[in-house]
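**Q** 3D, please:
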Amino acid sequence: DSEIVLNDTCKIGERTEERFEQYKERQKTGGISGMPIGLLPIDKQIGGVKELDLITFLGYTGTGKTWLLCIIAVAMAKMGYKVLFLTKEMLPAQLIDRIDAVWSGISYSRIKDGQLSPQEEEKYYKYLLEEAPKYKDKLIVELVEGGVISCGSSIDLHKPDVCLIDGGYLMADDSEDDDWRGILEVWRGFKALARNRKVPILCTSQLKGETATLSNISYVKALAQEADAVYGLEQDKTDKAEKEIKIVTLKVRDGEWKPPFKMSWDFTEMKHDLLYVEEEKKRTPIAVKQIQRIE
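**A** All right, here's what the predicted structure looks like:
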């Protein structure tokens, strides 16, 4: 609700020993200096999420954007980070069922339908009584009634290490479907929250089509301008039949471009492992005409 201004000045001759120690730490971790999110290709690309980051995941309706956040939430909570998962559409109890399935590795469909086998039921019961209580303060799911300010209030209350927001595009108040200005203010608000609270924010938004390109991003100006990294979830007919998902880098501010990677995407049997990284396609050099300087 107010403009946030950060003053941060660095001088080349200061903190030199600290900078070298930071390098040595990156050497130990393989270049990961922030918090890993559990998706190795992305972690290697951006070095983990940092406290000021705004990361956006995009997908067409039904591609599994919420599932991706559940996978990230479980991975980060297991690593000991405190995760705040904010939702605008689904009830927290519904999301907890999904998180339980991801965490325990038990079929979400059979949990939801009450059709677990005796072995699965025993495993699920043991998880709920013995495993989940150990992390009771590490993963919090909360329904957000308002917009960006409500998200800020939840962050202030719970003080998480990372905040996940499902359906960030729904946070705009009284915005029309094509009101990119309203969405721009939401993403500016998310970035301001990340900078002011020093908490990385990972959120989801919609693609207008099934192909993950910047031109297919709903409210493209808002997302591309404010996000530090943008990833697209892409699924063609073959991927759907084989229960796979492709994740494509659409924008990265601090990191190298990486080829797309594929994951298993089967939430009936809870298979969501990394399959492979696609080889980088050969690029045709672009001929650039020499431009003479005009005095």
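
**Q** Select the helix or strand of the protein having the lowest average pLDDT value.
**A** Counting by mean pLDDT, DSSP states H and E, the chain has its least confident helix or strand at helix 220-226, which shows a mean of 68.

**Q** Show me what secondary structure element comes after that one.
**A** Later in the chain than helix 220-226, the nearest helix or strand by DSSP states H and E is strand 229-234.

**Q** List the neighbouring strands of that next one plus their orientation.
**A** According to DSSP bridges, strand 229-234 forms sheet pairs with strand 54-59 (parallel), strand 244-252 (antiparallel).

**Q** I'd assumed residue 143 was in contact with residue 96.
**A** No: if you go by Cβ atoms under 8 Å, residue 96 and residue 143 don't touch, sitting 11.6 Å apart. Backbone N, C-alpha and C define where each C-beta goes, glycine included.

**Q** hang on, the earlier thing: okay, the strands paired with strand 229-234, which one's buried deepest?
**A** strand 54-59 (a mean of 26; mean count of other Cβ atoms under 10 Å).

**Q** Tell me which residues are up against it.
**A** 46, 49, 65, 68-69, 168, 187, 190-191, 194, 200-207, 212, 217, 223, 226-234, 250 (Cβ atoms under 8 Å, 6 or more residues apart in numbering).

**Q** Pull the distance from it to the chain's centre.
**A** 6 Å (Cα atoms, centre = their mean, to the nearest Å).

**Q** Output it as CSV - backbone C-alpha positions only.
**A** Presented in CSV, the C-alpha positions along strand 54-59 are these (Å, rounded to 0.1, in the frame of the first residue of the first chain):
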residue,chain,number,x,y,z
LEU,A,54,9.7,-13.3,-7.3
ILE,A,55,9.4,-16.5,-9.3
THR,A,56,6.3,-17.2,-11.5
PHE,A,57,5.1,-20.5,-12.8
LEU,A,58,2.7,-20.5,-15.7
GLY,A,59,0.4,-23.1,-17.1
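
**Q** State the next helix or strand along the chain beyond it.
**A** helix 65-78.

**Q** Let me know the next secondary structure element after that following helix.
**A** Criterion used, DSSP H and E; the element after helix 65-78 is strand 83-87.

**Q** Quote the end-to-end distance of stretch 254-270.
**A** 32 Å (Cα to Cα, to the nearest Å).

**Q** just stretch 35-52 next, same as before
**A** One end of stretch 35-52 to the other measures 12 Å (Cα to Cα).

**Q** low-scoring stretches of the chain, by residue?
**A** The model of the chain has pLDDT under 70 over residues 1-8, 26-29, 31, 172-181, 208-222, 279-295.

**Q** Quick check: beta-bridge partners of the most centrally placed residue in it?
**A** Taking Cα atoms, centre = their mean, the centroid of the chain lies closest to residue 202, which sits 4.1 Å from it. For residue 202, the beta-bridge partners are residue 55, residue 164 (DSSP bridges).

**Q** Just send the strands paired with strand 229-234 back as CSV, with distance to residue 126 too.
**A** What follows is the strands paired with strand 229-234, written out as CSV (distance: least, Cβ to Cβ, whole Å):
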stretch, distance to residue 126
strand 54-59, 32
strand 244-252, 30
